[in-house]
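Output the structure for:
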Amino acid sequence: AEDGIRDCLLSRGLGDVYKRQLVILSNVDRNSFSHSNKKLGIEFDAVYTAEDIGTYKPNPNNFNYMTNNLRKTFNIKIDEILHIAQSMHHDLVEAKNHGLDTAWIEAVLAGEVLARDLINTPANYLGPSELEKSTRELAHEFNAKFEVITGEELIEKNFPMIHAVGAASGNIPKLIDLKIGSSGPKLTLVGKGVCFDTGGLNIKPGNSMGLMKKDMGGAANVLALARAIMGLDIDLQLRVLIPAVENSIAGNAFRPGDIINSRKGLSVEINNTDAEGRLILADALSYASEDDPHLIISMATLTGAARIALGADLAPFYAGLDSDATAISEASVAAMDPVWRMPFWDPYDKLIEPQIADLDNAPAGGFAGSITAALFLRRFVKNPEKYIHFDIYSWQQNSSVLGPKGGLTQGSRAILMALDKLLSI
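Here you go, the predicted structure:
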């Protein structure tokens, strides 16, 4: 029975079925699905398949394949797809009538919808300004504080690396800042918001550039997590920082061999302009640390090395404390949100130290690329013990029972379920 239910979960599920008991979207044939589950003695109020929700079409007024197709085209409310027709005791019930945690499900689902819509939107319709607009709307929904630092103001306010990466694009760079909450521990989420990545002057080949609309997947993931936290009204002081840029090519693009000073005062030698994500995150992490949060979590589609090591399904993460790593690993199983711990391996620190500047953004040799990127980021955090970094892919390569092809969250549900241990709340 468990397998039958899990086959129907959206995107690796939205929670442990015995704790969350969620059944929603499936990408399997309706008849074969119904037949297989009847044999298991499981029936559902409704099963929505990929055929129901339609396939994604690049219409500028209708990018969100879930939000518009389900809520508008079919006039289906979230409540109507959060029902389980049968409990583990084989009683035909609605989830709410059994006291199940439908608030958790709805909050996570709303975040998942938001992230997928953002990631799936083509870059000609979602640049730094549109990412700012989506974050501003989220802030408005929950009466959160919202600020943005834009263009040349980034230089004036000492965010030189964010400005350098985004300077060549006609879509000006930004640092987006959302804050909410006045009590509880401080949690700051930092998401990489590279809305399109050409690779810069170290230009990507065509087959590597094709998916680069998703290079803001880190930003989408932290917004999904923030949406869930705010929806559940968790007592903490939440901050979201998103450096939003396009890594483009023009006469004013930053170059290999350049040395750029960072907000923290560390100088960085540019050995590859396609290692830009860590540059913008570094300035944002320095800024985050100035507020002395209890925990900083960064999420980024950062390295190809992470995909070579673990593939598309597993998101590697790095944690300064073993206890935090254990909490996330255990929560990832319950949340059906697979992650895998990687080490902040101190002996590799020397790999990110070039002969000229303080740091190297792309160490030669290519060994341990995800680890050296994480070590680079750690240099910009005031308290490394309370820093967690996720190097995610944020993309479902092919439609399957795990979900439709396209953007998705990775790690955010695991973090949400682990928050009580990470922050002692």
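
just for this protein, where's the confidence low?
Counting by pLDDT under 70, the chain contains low-confidence ranges at 1-102, 400-403.

and if we set it to 50?
1-96 (pLDDT under 50).

Tell me how far the residue lying closest to residue 163 once chain neighbours are set aside lies from residue 126.
Distance criterion Cβ to Cβ, 6 or more residues apart in numbering; nearest residue to residue 163, sequence neighbours excluded, is residue 154 at 4.0 Å. All C-beta spots, glycine's among them, are computed from the backbone N, C-alpha and C. The gap separating residue 154 from residue 126 is 20 Å, by Cβ to Cβ, to the nearest Å.

ok, which stretches of the protein are helices?
Applying DSSP state H to the chain gives helices spanning 2-7, 30-39, 50-53, 102-120, 128-141, 153-156, 160-166, 206-209, 217-231, 277-289, 304-310, 322-334, 369-378, 412-423.

How about the contacts made by residue 204?
Residue 204 makes contacts with 197-198, 212, 274, as judged by Cβ atoms under 8 Å, 6 or more residues apart in numbering.

Taking the residues you listed together, which two end up most distant?
Greatest spatial distance in the contacts of residue 204: 212 and 274, 10.3 Å, computed using Cβ to Cβ.

who touches both of these two?
197, 204.

The residue most central in space within the chain: what's its closest spatial neighbour, skipping adjacent residues?
By Cα atoms, centre = their mean, the chain has its centre lying nearest to residue 221, at 2.1 Å. With sequence-adjacent residues excluded and distances taken as Cβ to Cβ, 6+ apart, residue 221 is closest to residue 299, at 4.5 Å.

Specify the beta-bridge partners of residue 298.
Under DSSP bridges, the beta-bridge partners of residue 298 are residue 190, residue 389.

Could you count how many residues lie near residue 224?
For residue 224, the neighbour count with other Cβ atoms under 10 Å is 30.

give the contact list for it.
Applying Cβ under 8 Å, 6+ apart, the residues contacting residue 224 are 111-112, 114-115, 409, 412.

farthest-separated two in these?
114 and 412 (10.6 Å).

quick one on the thing from earlier: touching, the residue nearest to residue 221 and residue 411? I think so.
Yes - counting by Cβ atoms under 8 Å, residue 299 touches residue 411, with 6.5 Å between them.

so what's in contact with these two at the same time?
221, 390, 392.

Do I have it right that residue 293 meets residue 189?
No - applying Cβ under 8 Å as the test, residue 293 and residue 189 come out as separate, 9.7 Å apart.

Comparing those two, which shows the higher neighbour count?
residue 189 (27 against 24).

For the closest residue to that one other than its chain neighbours, give its distance to residue 274.
Of all residues not flanking residue 189 in the chain, residue 222 sits nearest, at 4.0 Å (Cβ to Cβ, 6+ apart). Here the criterion is Cβ to Cβ. By it, residue 222 lies 22 Å from residue 274.

so how far is stretch 388-406 from its chain's centroid?
Centroid separation for stretch 388-406 versus its chain: 10 Å, with Cα atoms, centre = their mean, to the nearest Å.

circling back: can I get the contacts of residue 224 in JSON lines with neighbour count and distance to residue 134?
Putting the contacts of residue 224 into JSON lines (neighbours: other Cβ atoms under 10 Å; distance: Cβ to Cβ, whole Å) gives the following:
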{"residue": "111", "neighbour count": "28", "distance to residue 134": "12"}
{"residue": "112", "neighbour count": "25", "distance to residue 134": "15"}
{"residue": "114", "neighbour count": "23", "distance to residue 134": "8"}
{"residue": "115", "neighbour count": "26", "distance to residue 134": "10"}
{"residue": "409", "neighbour count": "31", "distance to residue 134": "15"}
{"residue": "412", "neighbour count": "32", "distance to residue 134": "16"}
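
List the contacts of the closest residue to residue 275 other than its chain neighbours.
Using Cβ to Cβ, 6+ apart and skipping the chain neighbours, the partner closest in space to residue 275 is residue 362 (4.1 Å). Contact analysis of residue 362 by Cβ under 8 Å, 6+ apart lists 270-272, 274-275.

try 10 Å
202, 256, 269-276, 278, 352, 354, 369, 372-373, 376 (Cβ atoms under 10 Å, 6 or more residues apart in numbering).

ok, how many other residues are close to the nearest residue to residue 340 once chain neighbours are set aside?
Distances taken as Cβ to Cβ, 6+ apart place residue 314 nearest to residue 340, at 4.9 Å, with adjacent residues excluded. By the criterion of other Cβ under 10 Å, residue 314 has 17 neighbours.

what about residue 314, distance to residue 257?
Using Cβ to Cβ, one obtains 35 Å as the distance from residue 314 to residue 257.

Same question for residue 334.
Noted for residue 334: a distance of 48 Å to residue 257, by Cβ to Cβ.

Pick out whichever of the two has more residues nearby.
In terms of neighbours (other Cβ under 10 Å), residue 334 is the more surrounded of residue 334 and residue 257; the figures are 16 against 9.

I'd say the more buried one and residue 104 touch.
No - contact criterion Cβ atoms under 10 Å: residue 334 and residue 104 do not qualify, at 11.5 Å.
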